[in-house]
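Enquirer: missing the sequence, but the structure's below:
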């Protein structure tokens, strides 16, 4: 599971037993704290974690497959465009030099390479750097690989000038991965749709690490201090 614009600290999920016992959490916070992060099942052994210095890219490998989380700069101004081009033309290619033969790279690209993926002024959203990277690396748009003519989008917006939609949240795969399902679904906590992709892997993941048991149930401090609770607990212990 991948997230963008997240600020993950060591104690962020300390009160959520399900997440802490079921997942490893890797984050790449930006200098302004909000960056990228990934939840990785605790039963999977991952390695070669690498991050950029601006909280924009997070990569790691699992059983010979490379996974990547990307969050490119937002905006149509020259500064934002130049930052996106720099990441796609220099940062990402360098970070992927030692990537595995198969993998998937997904996230909020904040740009497109296909005019079908934006309803308003798509030419201004095209990234030459990303277009070149996708071609050179033989990446495939996971959604388009099974929905070649669909008109689905991941973000809808309206402003004083126009209403529009774009598919800036995407996943690209390469190598021997095969897409089983790919779709977009709205979520309550974001103005972007969640992009769900399910792959058929060339071989099973190696479950090397034993699953961690769930932590012992913890009682909230305010309950411990309650006089009625103390009385009932004392009575139960005496019995």
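Expert: Structure's in. What do you need? Every value quoted in this text rests on a predicted model; they were computed, and no experiment measured them.

Enquirer: who touches the helix or strand bottoming out on mean pLDDT in the chain?
Expert: Here the helix or strand of the chain ranked lowest by mean pLDDT, DSSP states H and E is helix 221-224, holding a mean of 70. If you take C-beta atoms under 8 Å, 6 or more residues apart in numbering as the criterion, helix 221-224 is touched by 229-230. Backbone N, C-alpha and C define where each C-beta goes, glycine included.

Enquirer: cool, and stretch 73-93?
Expert: 52, 56-57, 70, 72, 109-111, 124-125, 127-130, 132-133, 136.

Enquirer: Please repeat the previous calculation with a cut-off of 10 Å.
Expert: Residues from elsewhere that reach stretch 73-93 (C-beta atoms under 10 Å, 6 or more residues apart in numbering): 4-5, 52-54, 56-57, 59, 68, 70-72, 95, 105, 108-111, 113, 121, 124-125, 127-134, 136-137, 168.

Enquirer: Now intersect these with the helices, please.
Expert: Judged by DSSP state H, helices contain the following of the contacts of stretch 73-93: 95, 128-134, 136.

Enquirer: from the chain's centre, how far out does the longest helix anywhere in the chain sit?
Expert: In the chain, ranked by residue count with DSSP H as the criterion, the top helix is helix 227-238. In terms of C-alpha atoms, centre = their mean, to the nearest Å, the centre of helix 227-238 is found 46 Å from the chain centre.

Enquirer: do the same with stretch 13-27
Expert: 16 Å.

Enquirer: Stretch 144-155 too?
Expert: The answer for stretch 144-155 is 19 Å, by C-alpha atoms, centre = their mean.

Enquirer: Now do that stretch, average pLDDT.
Expert: The pLDDT scores in stretch 144-155 average 95.

Enquirer: Give the buried residues for it.
Expert: Buried positions in stretch 144-155, judged by neighbour count with 16 or more other C-beta atoms under 10 Å: 144-145, 153-155.

Enquirer: quick check, nearest of those to residue 17?
Expert: Ranked by distance to residue 17 (C-beta to C-beta), the buried residues of stretch 144-155 are led by residue 154 at 31.2 Å.

Enquirer: For the spatially closest residue to the closest one that is not a sequence neighbour, give its distance to residue 47.
Expert: The shortest distance from residue 154 to any non-neighbouring residue, by C-beta to C-beta, 6 or more residues apart in numbering, is to residue 169 (3.8 Å). Going from residue 169 to residue 47 by C-beta to C-beta, to the nearest Å gives 27 Å.

Enquirer: Neighbour count: these two, which is higher?
Expert: residue 169 (23 against 8; other C-beta atoms under 10 Å).

Enquirer: so who does that one touch?
Expert: Residue 169 touches 2, 4, 71, 106-110, 143, 153-155, 184, 190, 192-195, counting by C-beta under 10 Å, 6+ apart.

Enquirer: please redo it, this time with the cut-off set to 6 Å
Expert: 108, 154, 192, 195 (C-beta atoms under 6 Å, 6 or more residues apart in numbering).

Enquirer: and the third one, how many neighbours does it have?
Expert: If I follow you right, that is residue 192. Neighbours of residue 192 (other C-beta under 10 Å): 19.

Enquirer: Excluding residues flanking it in the chain, which one is nearest it?
Expert: residue 155 (5.0 Å).

Enquirer: No further questions, thank you.
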